[in-house]
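[1] Sequence plus predicted model, see below.
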Amino acid sequence: VAADIFPGDMLYKNFGLTRHRRVVFYDYDEIQYLTECVFRRIPPPRTPEDELSNEPWYSVGPNDVFPEEFERFLLGQPRMRKAFMKYHADLLDVEYWSSQQARIRQGILDDMFPYPEHKRFDHRYGQRGA
């Protein structure tokens, strides 16, 4: 997020883990700048038939992203869903993404750690040069 990069197709098959435990993204043609994305909520259906349609009842622009859809495509396994919702539920929220875009535009670059501070290298192995 802080690098202003958004992986457009977040299916698990597009990610991997290196032997150095770094996450990599394989689907390079889907990468775009986070600040170019238009994060939106799916509008409510106009009729009951809208929900049953194979086509969306709302317009979708080329840079539109609907974070609430991540849950349907990524969190099918109950165990994975539980862990995701415990630590990263904010990723399903339009406000989270909009606030990150605003921070990037303001020049604020956050460090994001997916693990607790006590497990970080400088705590587990000591700081270099110290």
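    Good, I have the coordinates.
[2] Please enumerate the helices of this structure.
    48-52, 68-74, 78-88, 94-105, 121-124 (DSSP state H).
[3] out of those helices, deepest packed?
    Highest mean neighbour count among the helices of the chain (mean count of other C-beta atoms under 10 Å): helix 94-105, with a mean of 16. C-betas here are computed from N, CA, C, even on glycine.
[4] pull the CA atoms of that helix into PDB?
    What follows is helix 94-105, C-alpha atoms only, in PDB (Å, rounded to 0.1, in the frame of the first residue of the first chain):
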ATOM      1  CA  VAL A  94     -13.800   1.400   1.000                       C
ATOM      2  CA  GLU A  95     -12.800   3.900   3.700                       C
ATOM      3  CA  TYR A  96      -9.600   2.100   4.500                       C
ATOM      4  CA  TRP A  97      -8.500   2.200   0.800                       C
ATOM      5  CA  SER A  98      -9.600   5.800   0.400                       C
ATOM      6  CA  SER A  99      -7.700   6.900   3.500                       C
ATOM      7  CA  GLN A 100      -4.600   5.100   2.300                       C
ATOM      8  CA  GLN A 101      -4.900   6.900  -1.100                       C
ATOM      9  CA  ALA A 102      -5.100  10.200   0.800                       C
ATOM     10  CA  ARG A 103      -2.000   9.400   2.900                       C
ATOM     11  CA  ILE A 104       0.000   8.600  -0.200                       C
ATOM     12  CA  ARG A 105      -1.100  11.800  -1.900                       C
END
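[5] So which elements touch that helix?
    The contact analysis (3 or more C-beta pairs under 8 Å, 6 or more residues apart in numbering; DSSP states H and E) places helix 94-105 against strand 38-39.
[6] Please work out the average pLDDT along the strand it packs on.
    Confidence for strand 38-39, expressed as mean pLDDT, is 98.
[7] got the contact list for it?
    61, 63, 64, 65, 66, 67, 94, 97, 98, 101 (C-beta atoms under 8 Å, 6 or more residues apart in numbering).
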